[in-house]
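J.: Turn this into a structure:
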Amino acid sequence: VDEPVSRKRATDEELDVLVAVADHAALAIQAAQEAADAVRHRISLEQLLEVSSRLTAEPAADEILRDVCRGVRDALGFQNVAAQLIHPASGRLEARAAVGWDLDGEALSSEFEFGDVEPLLDSAFEVSGCFLLPNDEAEKRLSHDSLPYVSHRNGRGPHAWDRHWLLVPLHNSAGAVIGLIWADEPEDRLLPSEEKLQALRIFANQAAAAIVSAAHQRELRFLADHDPLTRLLNRRAFVERLDAEVALAIRYRRTFGLVICDLDGFKLLNDQFGHAAGDEALQVFARILHAAVRKGVEAFRIGGDEFALVLAEAGEA
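T.: The predicted structure is shown next:
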């Protein structure tokens, strides 16, 4: 306050009134902040319940990841949220869902690999399973010369968000990192509280559960008609395919090829070198079959060391 109307110094009584007004203002602000936090907490719980309810009903991981990103934005107040998965072969980070950021934009389509950003997962900056780093600390740990994105919604002061990096690793059931969730541009321009980071960790756990669930669903569907050891089609699929080819051959008076084979000396191999060696032999032979057949020809494992090929539209030659 300034410029007193009386042009005199404030009396003790006037100062007491001013302090009382300030106290009431502080209480009003605190009440408003607590009300806003309560709304955020309710939204957070609703979003988490919604995502949880869809984990078993909807195994599509990308859709769940989009729900998680939207939940982090709506419940925790981050304008930009992205979920990236690590490609198992190349190690490259692939953006699978985002809000605020463009999936095809520069920020998410860069050539970063997990190894490039792994140094950011420093326990010195871990809070409730999340990693929150000042920008200068993050830049020290990144091997890339140019950064794909810099925060714009920054504040000032010791508690302000100032180009910070916030990421949460996604773990599979074995504890290995399979992806990351990034959060940026907080609406209040403040560093997130520990409670907010705990909620972010819960959202990340839901995302990881969705990914693992989707992988399990794909594997179950695959194993319904594939052999788990050789990854070839199994006996059930063979019988179905053979029945179909026979029916087509009879109806349209055309031929198809059927090849049945087994591995000579397979029992001796198992007896002398163990079942692990026998399994390896089966896998090697399965790869040979798969590489040798043309497109449209299917290979099957129909027994222990017995395999089959069904060659559509094949003549004797």
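
J.: Please, where are all the strands along the stretch 201-317 of the chain?
T.: 257-262, 298-301, 306-311 (DSSP state E, counting those that start in this stretch).

J.: possible to save those strands as a markdown table with mean pLDDT?
T.: Shown next, in a markdown table, are the strands of the stretch 201-317 of the chain (pLDDT from 0 to 100):
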| stretch | mean pLDDT |
| --- | --- |
| strand 257-262 | 92 |
| strand 298-301 | 92 |
| strand 306-311 | 93 |
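
J.: With respect to residue 227, which of those lies nearest?
T.: Ranking these by distance to residue 227, with Cβ to Cβ as the measure, places strand 298-301 first at 4.4 Å. (C-beta placed from N, C-alpha, C; glycine too.)

J.: Please name every helix or strand in contact with that closest one.
T.: Applying 3 or more Cβ pairs under 8 Å, 6 or more residues apart in numbering; DSSP states H and E, we find strand 298-301 packed against helix 235-252, helix 275-292, strand 306-311.

J.: burial of residue 165, as a residue count?
T.: Neighbour count of residue 165, defined by other Cβ atoms under 10 Å: 23.

J.: Check residue 171 too.
T.: Counted with other Cβ under 10 Å, the neighbours of residue 171 add up to 17.

J.: rewinding a little: so which of the strands of the stretch 201-317 of the chain comes closest to residue 268?
T.: Taking Cβ to Cβ, strand 257-262 is the member of those nearest to residue 268, at 13.2 Å.

J.: Hmm, residue 237 is touching residue 300, no?
T.: Yes. Under the criterion of Cβ atoms under 8 Å, residue 237 makes contact with residue 300 at 6.5 Å.

J.: Mind checking which of those two has more residues around it?
T.: Using other Cβ under 10 Å, the more surrounded residue of residue 237 and residue 300 is residue 300, with 28 against 19.

J.: give the contact list for the closest residue to that one other than its chain neighbours.
T.: Nearest residue to residue 300 in three dimensions, chain neighbours excluded: residue 238, at 4.0 Å (Cβ to Cβ, 6 or more residues apart in numbering). By Cβ atoms under 8 Å, 6 or more residues apart in numbering, the contact set of residue 238 is 300, 302, 308, 310.

J.: same thing with residue 183?
T.: Neighbour list for residue 183: 72, 76, 78, 80, 81, 166, 167, 168, 200 [criterion: Cβ under 8 Å, 6+ apart].

J.: Could I get the buried residue list for the helix or strand harbouring it?
T.: Here residue 183, judged by DSSP states H and E, is contained in strand 177-186. Of the residues in strand 177-186, 178, 179, 180, 181, 182, 183, 184, 185, 186 count as buried by neighbour count, 16 or more other Cβ atoms under 10 Å.

J.: Please tell me how far the fourth one sits from residue 113.
T.: It refers to residue 181. Counting by Cβ to Cβ, to the nearest Å, the gap from residue 181 to residue 113 is 17 Å.

J.: Mean neighbour count, the helices and strands packed on strand 298-301: which tops it?
T.: Among those, strand 306-311 has the highest mean neighbour count (mean count of other Cβ atoms under 10 Å), at a mean of 19.

J.: Now tell me what touches it from outside.
T.: Here strand 306-311 makes contact (Cβ under 8 Å, 6+ apart) with 232, 238, 241-242, 245, 256-262, 285-286, 289, 293, 297-302.

J.: so what strands line up beside it?
T.: strand 257-262 (antiparallel), strand 298-301 (antiparallel) (DSSP bridges).

J.: burial count for residue 64?
T.: For residue 64, the neighbour count with other Cβ under 10 Å is 24.

J.: what helix or strand does it sit in?
T.: Element membership for residue 64, per DSSP H and E: helix 61-76.

J.: Ramachandran angles for residue 161?
T.: phi -70, psi 120 (degrees, to the nearest 10).

J.: In contact with it, which residues?
T.: The neighbours of residue 161, taking Cβ under 8 Å, 6+ apart as the test, are 151, 153, 154, 155, 186, 189, 190, 191.

J.: Buried ones only from those, please, as a PyMOL command.
T.: The buried residues among the contacts of residue 161 can be selected in PyMOL (16+ other Cβ under 10 Å) with this line:
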select buried, resi 151+186+189+191
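
J.: Check which residues of the helix holding residue 64 are buried.
T.: By neighbour count with 16+ other Cβ under 10 Å, helix 61-76 contains the buried residues 61, 64-76.

J.: Take it, keep the C-alpha atoms, and write them as PDB.
T.: C-alpha atoms of helix 61-76 as PDB (Å, rounded to 0.1, in the frame of the first residue of the first chain):
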ATOM      1  CA  ALA A  61      -2.400 -49.900 -25.700                       C
ATOM      2  CA  ASP A  62      -2.400 -46.800 -27.800                       C
ATOM      3  CA  GLU A  63      -5.900 -45.900 -26.900                       C
ATOM      4  CA  ILE A  64      -5.200 -46.400 -23.200                       C
ATOM      5  CA  LEU A  65      -2.100 -44.300 -23.500                       C
ATOM      6  CA  ARG A  66      -4.100 -41.500 -25.000                       C
ATOM      7  CA  ASP A  67      -6.500 -41.700 -22.100                       C
ATOM      8  CA  VAL A  68      -3.600 -41.500 -19.700                       C
ATOM      9  CA  CYS A  69      -2.200 -38.400 -21.400                       C
ATOM     10  CA  ARG A  70      -5.600 -36.700 -21.300                       C
ATOM     11  CA  GLY A  71      -5.900 -37.700 -17.700                       C
ATOM     12  CA  VAL A  72      -2.500 -36.100 -16.700                       C
ATOM     13  CA  ARG A  73      -3.500 -33.000 -18.600                       C
ATOM     14  CA  ASP A  74      -7.000 -32.600 -17.000                       C
ATOM     15  CA  ALA A  75      -6.200 -33.900 -13.500                       C
ATOM     16  CA  LEU A  76      -2.700 -32.500 -13.000                       C
END
